[in-house]
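Asker: Provide a 3D model corresponding to the input given below.
(2 chains, ligands or ions: 2)
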Amino acid sequence: MVFVIQVNGTVQSVDVDDDTPLLWVLRDVLGMTGTKFGCGMALCGACTVHIDGVASRSCVTTIDSIGRSQITTIEAIGATASGAKIQKAWLDREVVQCGYCQSGQIMSASALLASNPHPTDSDIDEAMSGNICRCGTYIRIREAIKQAARGG
Amino acid sequence: MVLDRIAFQGIDFDRTSSADGPSRRTFLRAGAAAGGGLLLSLSLPFVSGDVKAANSASFVPNAFIRISGDGQIVLTMPYVEMGQGTYTAIPMLIAEELEVDLKQVRLQHAPPNEKLYANPLLGVQATGNSNAIRGAWYPLRQAGAIARAMLVSAAAEHWKVDPASCRAQSGKVRHPPTGRSIKYGDLAADASRMVVPANVALKRPEEFKLIGTAAKRLDTPAKVNGTAVYGIDVRPPGVKIATLAQSPAFGGHVKGVEDAAAKAVKGVRQIVRLDDAVAVVADHMGAAKKGLAALVIEWEDGPHAELNTGEVARKLEEATLSSGAVAQNIGDADKAMASAVTKVEATYQVPFLAHATMEPMNCTVHVRKDGCEVWVGSQAIGRVQAAAAKITGLPLDKVVAHNHLIGGGFGRRLEIDGVVRAVQIAQQVDGPVKVVWTREEDIQHDMYRPYWFDRISAGLDEKGMPVAWNHRFAGSSVLARWLPPVFENGLDPDTTEGAINLVYALPNLHVEYLRVEPPGIPTAFWRSVGPSHNVFVTESFMDELAAAAKQDAVAYRLALLGKAPRAKAVLELAAEKAGWGQPLPERVGRGVSVQFVFGSYLAQVAEVEVSKDGMVRVRRVVCAIDCGAVVNPDTVRAQIESGIIFGVTAALYGEITLKGGRVEQSNFDTYRMLRMNEAPAIEIHIVQNSEPPGGVGETGTSAIVPAVSNAIFAATGKRLRKMPVDNAALKQPV
Ligand code: FES
Ligand code: FES
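Answerer: Ligands and ions are numbered 1, 2, ... in the order given. Next up is the predicted model:
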């Protein structure tokens, strides 16, 4: 059936089964490939987007559960204050390696910062442990979040 | 990866220590570029399908530097960016000698299909994690210096002055006496007519302006805003998405498919049946996955239906009872063993491991009657093109292969099995199709780091020092399959790396290898390859010897490093920075390892804590590396941090097991990855020198596994001779 959703401030209508995960609507139907697929089971965080500002795994979020909520993806996160700070810190600290997990990392980190401007180490652990990085960039991610929290 | 070592048989960069490096005889030519400007064609030492080619005197270019009229410098070469910073470090080498800003140099990945590459690159393009800088170090600096000299000659001729009175600086040739200058772009066409100088002086390390500085990575901005295009992101017009199920048991076949329910799923377009796999083609991956789940597939399990890991291990263990190919022999180990005061013996085992690259396997293919197009992220794009040509029966020049960013290689993307699958599926589909593997398929149909079984013994003298060392191991040879010509006399240079040419002075040493291929399960390179196994065994065993001699693990090693000053230096540095010897709480321990592999010396000290119920936490890792001249120190650090996390993951969790011919693990719940809350603090110390660069990308991984295991021994007194860590064995007895 047809669903009308709001992605990065734009209204989009898509015709898919009601149990279709948001991840595939974004990537394959709308062509927004910044959001990544890693596991499909909410185990890795590669597919993280914001739904009304809350970091959510789009691989297990079905299209019929979204309603009028605002979806924000990596493509637009730089337009938010916390997203821009996180992106800058990511570049300053040279966090990225292969980069494949980083859309999800940045989405998790920017949601953390938006809700908790001064996260402690254990806040960071809690918010970020759902995001796997096979290249092992965790140490730099932690430093970058702290730098962003200090205001860049 | 030791792949580079192979190509170096002809031109051994590792051992060339003069600043001029190898002869220019066969490696460079200059001329006019097709679109105007100066073109340098280089023949770099890469992995070669034909090893003999590396030794031949014929000129076969595989990299190009073009200086065009607008001053842009474009470097085209067959290395891929996998996250290791290659795209930033390689241009630094050229920019340094050419005297241009790093921003002026652009690195382009060589497509296999361009006319330029039509001949030489079939099957020879490959990027192993550690080889890019090592292979490029001399030739690219030389090329930069040659180009600079030709630009200077062109300017001098134009001004009718002595070239020696001109200077190259910031992308211009200047003539200080008259204050005149000309931009490189304006000189490029004339420069192409100049004589290629026979000798150019390269800068001395102390003159470097760029090399050794922490230049910012050039590939990152697109990776933080979602615009970077990985293989999985390509979307040729009209593309359909497919996902697949391959025979759960290795070597099995499809017996029957009931597909009515799958076809009824909204968005499903087609079911493709292959001999040993079934794919569902759909408008989007959601529909493809739903369709796949709705299929009822009957499988014929095939010849390996009974295979399990225990049987694989038993076969390897049995094999080590007979002698194998001698990889290295020094003195007479048997004789020395017979007269030793103490004898220490052990067996070690390491498991199959999956790569689990963050980007699951995928490949997009469009097969038409008259041609075929492939989009994929590959570490060996020449092989991709060849594979597609072979399956479709099309001539090579009708196959276009586009290479894309790679979401993790680790050796997985040196293989073309995913390309073969995608082409087979695409042959039955009208229009382009992107085949995306689920994570479950990715883990259950990987090509795995081999299982190895080792038998090792040593004889100690009255002071407890080793006088005899006997090591025999059995397992798969990846190179024998991947590059058959290098498997000679029962040996290949990868499988034994880290087991031979040890840093220690051992008077009597004997090392043997037996190639034993496990039935059914395919094996492949995996970050740090041979050393991932050998360093674990040799450095764990060295720790056993120190313990048997009742000596400190660092002091014992240092006593054996008299003839290896660089190894000694990194060990001393790591031990000092780690606070080696300082007291630790109960069930916390430090473990050490030293290695010389991939041309770099590295020592690590791991500090671990073992809980009462046997859970292990790696708290801190201190690493000292001497990898020769460092092009980009921040990249070196990043690569080691990465390698350590990768290795800790393997040590604590990494294990692929077989039952009924099938892999038992399937997703990140059963094949665990280290996460943020488990990551150790990592401290890296780089020893500065101007030796030729060694590899870095894989060194951290091989060294950390024994360091962790040795630390567990220090914390608990339990010696682990099989990876991964067995938590049950580490429980504190009550
Ligand atoms: S793809 Fe959604 S959490 Fe892994
Ligand atoms: S940067 Fe490669 S998986 Fe995180």
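Asker: quick check: closest non-adjacent residue to the most centrally placed residue in chain A.
Answerer: Of all residues in chain A, the one closest to the mean position by CA atoms, centre = their mean is A:Met107, 2.8 Å from it. Counting by CB to CB, 6 or more residues apart in numbering or on different chains, A:Thr48 is the residue found nearest to A:Met107 once chain neighbours are left out, at 4.1 Å. Where you see a C-beta, it was placed from the backbone N, CA and C, and this is true even at glycine.
Asker: distance of the nearest residue to B:Pro507 once chain neighbours are set aside relative to ligand 2?
Answerer: In this structure, B:Pro507 finds its nearest non-sequential neighbour in B:Gly331, 5.2 Å apart by CB to CB, 6+ apart. To ligand 2, B:Gly331 is 46 Å away according to CB to the nearest ligand atom, to the nearest Å.
Asker: hang on, B:Gly331 packs against B:Ala505?
Answerer: No: with the criterion set as CB atoms under 8 Å, B:Gly331 and B:Ala505 do not qualify as a contacting pair; they are 11.3 Å apart.
Asker: follow-up on the earlier one: so what pairs up with the residue nearest to A:Met107 in the strands?
Answerer: Partner residues in beta bridges with A:Thr48: A:Arg57, with DSSP bridges as the criterion.
Asker: give the contact list for it.
Answerer: Residues in contact with A:Thr48, defined by CB atoms under 8 Å, 6 or more residues apart in numbering or on different chains, are A:35, A:55-58, A:103-104, A:107-108, A:131.
Asker: now do A:Ile77
Answerer: Listed by CB under 8 Å, 6+ apart, the contact partners of A:Ile77 are A:50, A:83, A:86-87, A:106-107, A:110, B:225.
Asker: give me the pLDDT for it.
Answerer: Each residue has a pLDDT score; the one for A:Ile77 is 98.
Asker: what's the domain layout of chain A?
Answerer: Residue ranges for the domains of chain A, per automatic domain parsing: A:2-72, A:77-149.
Asker: hmm, the first one touching ligand 2?
Answerer: No: counting by CB under 6 Å from any ligand atom, ligand 2 is not contacted by domain A:2-72; separation bottoms out at 8.2 Å.
Asker: distance between that domain and the chain's centre?
Answerer: Using CA atoms, centre = their mean, to the nearest Å, the distance from the centre of domain A:2-72 to the centre of the chain it belongs to is 11 Å.
Asker: likewise for stretch B:582-594?
Answerer: In terms of CA atoms, centre = their mean, the gap separating the centre of stretch B:582-594 from the centre of its chain is 30 Å.
Asker: show me where chain A has strands.
Answerer: When assigned using DSSP state E, the strands of chain A occupy the ranges A:2-7, A:10-15, A:48-51, A:54-57, A:70-72.
Asker: how about the third one and ligand 1, any contact?
Answerer: If I follow you right, that is strand A:48-51. No: using CB under 6 Å from any ligand atom, no contact is recorded between strand A:48-51 and ligand 1, whose separation bottoms out at 7.1 Å.
Asker: still on that earlier bit, show me what contacts the residue nearest to B:Pro507?
Answerer: With contacts taken as CB under 8 Å, 6+ apart, B:Gly331 has the following neighbours: B:507-509.
Asker: so where's chain A uncertain?
Answerer: For chain A, residues meeting the criterion pLDDT under 70 lie at A:152.
Asker: what are the buried residues along stretch A:96-116?
Answerer: Of the residues in stretch A:96-116, A:96-114 count as buried by neighbour count, 16 or more other CB atoms under 10 Å in any protein chain shown.
Asker: do stretch B:709-720 as well
Answerer: B:709-716, B:719-720.
Asker: contacts for it?
Answerer: Stretch B:709-720 is contacted from outside by B:536, B:539-540, B:543-544, B:547, B:553, B:584, B:587-593, B:606-610, B:616, B:618, B:651, B:723, B:725-726, B:729-730, B:732, using CB under 8 Å, 6+ apart.
Asker: stretch B:572-582 now?
Answerer: Contacts to stretch B:572-582, defined as CB under 8 Å, 6+ apart, come from residues B:552, B:554, B:558, B:590, B:592, B:603-605, B:607, B:620, B:622-624, B:683, B:685, B:687.
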